[in-house]
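# Next come a sequence and a model predicted from it.
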Amino acid sequence: MEFNGSISGTFASCLEINQSSKPRVIVIGSGISGISAAHVLNNADFEVVLLESRDRIGGRIHTDYSFGCPVDMGASWLHGVCNENPLAPLIRHLGLALYRTSGDNSVLYDHDLESYMLFDKEGNQVPQQMVIEVGEAFKRILKKTEEVRNENQNDLSVLQAISVVLERHPDLRQEGLAYEVLQWYICRMEAWFAADLDMISLKNWDEENVLTGGHGLMVEGYYPVLNALAKDIDIRLNHRVTRISNEGSKEVVVTVEGGRQFVADAAIVTVPIGVLKAKLIEFEPELPEWKTSAITDLGMGNENKIALRFDNVFWPNVELLGTVAPTSYSCGYFLNLHKATGHPVLVYMAAGRFAYDLENLSEEAAADYAMEQLKKMFPQATQPVQYLVSRWGTDPNSLGCYSYDVVGKPSDIYDRLRAPLGNLFFGGEAVSMENQGSVHGAYSSGVAAAEKCRNLLMEKRGFLDKFRLLSFSDAIFEAAFPLQISRM
Ligand SMILES: Cc1cc2nc3c(=O)[nH]c(=O)nc-3n(C[C@H](O)[C@H](O)[C@H](O)COP(=O)(O)OP(=O)(O)OC[C@H]3O[C@@H](n4cnc5c(N)ncnc54)[C@H](O)[C@@H]3O)c2cc1C
């Protein structure tokens, strides 16, 4: 499958021509989507090579162990702790513990708001009664945005709709500290979409198919899930794809940085939508307009984490600690991993424009910023003994954290994003229509792309059933163990 020279024949003597009769597939990107695609095809006895630009697998799943305990700097929740979650069989099989941070009926912005405390800028705790009342008011405001949606043929932003609602319903307006608490809820909603409210589509913000069962933190981190799926796959790290050619559609030729080429019967592209938007991979022939406009029209959000490890626990035993402020941009919050995992770690989380602005700071300055916020709440806070800072927005391997629906998004965008082009298939979280932006959505998109790819190649060879297709649902993970869910 691998060529060490140019396809034109200049280095023909270096060609390593593969005589294998198995169908050959190149998967690009070793996030959960690419790994699940490769896993499915590997199990179906295809010859698979997975090309990954980074020096590690996982993509936007990145469990860091340098604190001596697992800390997820990318995805950390399983959204939908239920048997319908496509990852449930594997998580059950591996015996991985989940710590639930929400009840069954949680909606988008309250997926981790079972136990939390808010503080004002002077470090005084906001009375819990006020927090609850403003939370209720926020729910009513969002409900009333439905009226605005129904009145307008054209899409608006959620922020515009909220302004209309507050204009019409003075009783829902908040003042003083309560106004700052409302901003904090807005900040929470922006964190779900990883984008500011003026960017989020009113038409689509609540269209996501949220699975039941609430939201659970992966106590041991997400990495074991990836590791299990990656077993026996031929993964080539430090292989950054620069060009994909399926001219003539007989074979796909994939070029990596340095000029090395790989050839196969088909390829599955699972790189983040941010990478496609930035045109970091050249396609030959060029992608058609209907595909490029879909790539342009989908939003890519940003979220960053600053993880701080301490040698003592000076904060209360709640799951989330938040600071309120006059704008959602300057509100903030920390996830308390100590409550969920027992390790003395707090994770500051920032989304949208603020997440990009944080990336302009050095890692030390970002950690100092998080400490400033913490000291407002707890003047006795000690310095962290270690810290980690993510930079998903400017990392050329991601260029953002996950996709979201921008205002005016065309309705067929996901169909166009995942539509194959001959023997070129598309996976990744952004092509998942119902569960975009999630790990389980990315997983399913990889499985779906692999199934399409497998069918095409089998049809071409005229024996659809010769190679067995195994996916997790029908494979070894049928064990009837329950999901291990805890609350401390
Ligand atoms: C901060 C953050 C928090 C999140 N929180 C959650 C959460 O709690 N729960 C949840 O369900 N989801 C969460 N998500 C979203 C979730 O992580 C993603 O939806 C999912 O992991 C995406 O998987 P993927 O395989 O589609 O893409 P990726 O994981 O990004 O995989 C794509 C791979 O392609 C590689 N690549 C890029 N360019 C090239 C190239 N040119 N050549 C070769 N390889 C290339 C990348 O290095 C990467 O490994 C979060 C994401 C972030 C960033």
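Okay, I see it. Residues are numbered from 1 along each chain as shown.

# What separation do you get for the nearest residue to residue 434 once chain neighbours are set aside and residue 191?
The spatially closest residue to residue 434, leaving aside those adjacent along the chain, is residue 209, at 4.0 Å (CB to CB, 6 or more residues apart in numbering). Bear in mind the C-beta positions are built from the backbone N, C-alpha and C, glycine included. Using CB to CB, to the nearest Å, we find residue 209 at a distance of 20 Å from residue 191.

# what sits against the nearest residue to residue 194 once chain neighbours are set aside?
Of all residues beyond its chain neighbours, the one nearest residue 194 is residue 301 (2.8 Å), with distances taken as CB to CB, 6+ apart. Residue 301 sits next to 193-195, 351-352, 400-404, 437 when contact means CB atoms under 8 Å, 6 or more residues apart in numbering.

# swap in residue 352?
Residues in contact with residue 352, defined by CB under 8 Å, 6+ apart, are 190-191, 193-196, 199, 301-303, 329.

# so where's the stretch 1-150 of the chain shaky on pLDDT?
Low-confidence segments of the stretch 1-150 of the chain (pLDDT under 70): 1-20, 105-114.

# Would you check that residue 275 makes contact with residue 400?
No - between residue 275 and residue 400 there is no contact under CB atoms under 8 Å: 9.1 Å.

# buried ones in the helix or strand harbouring residue 456?
Remark: residue 456 resides in helix 439-461, with elements defined by DSSP states H and E. Of the residues in helix 439-461, 439-454, 456-458 count as buried by neighbour count, 16 or more other CB atoms under 10 Å.

# chain center to that helix: distance?
Between the centre of helix 439-461 and the centre of its host chain there is 20 Å, according to CA atoms, centre = their mean, to the nearest Å.

# by contact count, what packs against it?
Contact analysis of helix 439-461 by 3 or more CB pairs under 8 Å, 6 or more residues apart in numbering; DSSP states H and E lists helix 32-43, strand 77-79, strand 266-269, helix 413-418, strand 424-426 as its packing neighbours.

# can you rerun that using 10 Å?
strand 24-28, helix 32-43, strand 77-79, helix 88-94, helix 223-230, strand 266-269, helix 413-418, strand 424-426 (3 or more CB pairs under 10 Å, 6 or more residues apart in numbering; DSSP states H and E).

# The stretch 1-150 of the chain: strands as residue ranges?
Secondary structure of the stretch 1-150 of the chain by DSSP state E, counting those that start in this stretch: the strands cover 2-3, 24-28, 47-51, 63-64, 71-72, 77-79, 97-100, 116-119.

# Let me see the mean pLDDT of stretch 461-468.
Regarding stretch 461-468, the rounded mean pLDDT is 61.

# try stretch 414-426
Per-residue scores along stretch 414-426 average to 96.

# For residue 352, grab phi and psi.
Per-residue torsions, residue 352: phi 70, psi -140 (degrees, to the nearest 10).

# now it, nearest residue through space, not along the chain?
Residue nearest to residue 352 in three dimensions, not counting chain neighbours: residue 196, with 4.3 Å by CB to CB, 6+ apart.

# just checking, the one you found touches residue 328?
Yes - in this structure, residue 196 is within contact of residue 328 by CB atoms under 10 Å, at 7.5 Å.

# Show me which of those two is the more surrounded one.
With neighbours defined as other CB atoms under 10 Å, residue 196 and residue 328 compare such that residue 328 has more, 25 against 21.

# so who does that one touch?
For residue 328, the contacting residues are 159, 180, 182-191, 196-197, 351-352, 354, taking CB atoms under 10 Å, 6 or more residues apart in numbering as the criterion.

# the helices in the stretch 201-350 of the chain, which residues?
Using DSSP state H, counting those that start in this stretch, the helices found in the stretch 201-350 of the chain span residues 223-230, 273-277, 289-297, 337-341.

# Strands along the stretch 151-300 of the chain, start to end?
Taking DSSP E, counting those that start in this stretch to define them, one finds strands in the stretch 151-300 of the chain at 215-218, 234-236, 241-245, 252-256, 261-264, 266-269, 282-284, 299-300.

# Can I get those strands in JSON lines including distance to residue 71, mean neighbour count and mean pLDDT?
Shown next, in JSON lines, are the strands of the stretch 151-300 of the chain (distance: least, CB to CB, whole Å; neighbours: other CB atoms under 10 Å; pLDDT from 0 to 100):
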{"stretch": "strand 215-218", "distance to residue 71": "11", "mean neighbour count": "26", "mean pLDDT": "94"}
{"stretch": "strand 234-236", "distance to residue 71": "23", "mean neighbour count": "16", "mean pLDDT": "98"}
{"stretch": "strand 241-245", "distance to residue 71": "29", "mean neighbour count": "18", "mean pLDDT": "98"}
{"stretch": "strand 252-256", "distance to residue 71": "31", "mean neighbour count": "22", "mean pLDDT": "98"}
{"stretch": "strand 261-264", "distance to residue 71": "34", "mean neighbour count": "21", "mean pLDDT": "98"}
{"stretch": "strand 266-269", "distance to residue 71": "30", "mean neighbour count": "28", "mean pLDDT": "98"}
{"stretch": "strand 282-284", "distance to residue 71": "36", "mean neighbour count": "15", "mean pLDDT": "98"}
{"stretch": "strand 299-300", "distance to residue 71": "24", "mean neighbour count": "24", "mean pLDDT": "97"}
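
# Relative to residue 22, which of these is closest?
Between residue 22 and the strands of the stretch 151-300 of the chain, the shortest gap by CB to CB is with strand 261-264, which sits at 10.5 Å.

# who does the closest one pair up with?
Applying DSSP bridges to the sheet, strand 261-264 is found paired with strand 2-3 (antiparallel), strand 252-256 (antiparallel).

# quick one: terminal-to-terminal distance for stretch 389-406?
Its first and final residues considered, stretch 389-406 spans 27 Å by CA to CA, to the nearest Å.

# buried ones in it?
Within stretch 389-406, the residues scored as buried using 16+ other CB under 10 Å are 389-393, 395, 397-406.

# Return only those of those residues found close to the ligand.
Intersecting these with the contacts of the ligand gives 392, 397-398, 401-402 (criterion: CB under 6 Å from any ligand atom).

# I'd like these as TSV, with pLDDT and secondary structure appended.
Compiled in TSV, these are given as follows (pLDDT from 0 to 100; DSSP: H, G, I helix; E, B strand; the rest coil):
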residue	pLDDT	secondary structure
392	98	coil
397	98	coil
398	98	coil
401	98	coil
402	97	coil
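
# related to what we said a few turns ago, PyMOL command for the buried members of the contacts of residue 328?
Here is the PyMOL command that selects only those of these that count as buried (16+ other CB under 10 Å):
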select buried, resi 159+180+182+183+184+185+186+187+188+189+190+191+196+197+351+352+354
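
# Helices - which of the contacts of residue 328 land there?
Counted as lying in helices by DSSP state H, out of the contacts of residue 328, are 159, 180, 182-191, 352, 354.

# Dump those to CSV, plus pLDDT and distance to the ligand.
Output for the ones in helices among the contacts of residue 328, formatted as CSV (pLDDT from 0 to 100; distance: CB to the nearest ligand atom, whole Å):
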residue, pLDDT, distance to the ligand
159, 97, 22
180, 98, 25
182, 97, 24
183, 97, 22
184, 95, 19
185, 94, 19
186, 96, 19
187, 96, 15
188, 93, 14
189, 94, 15
190, 96, 13
191, 95, 9
352, 97, 12
354, 97, 13
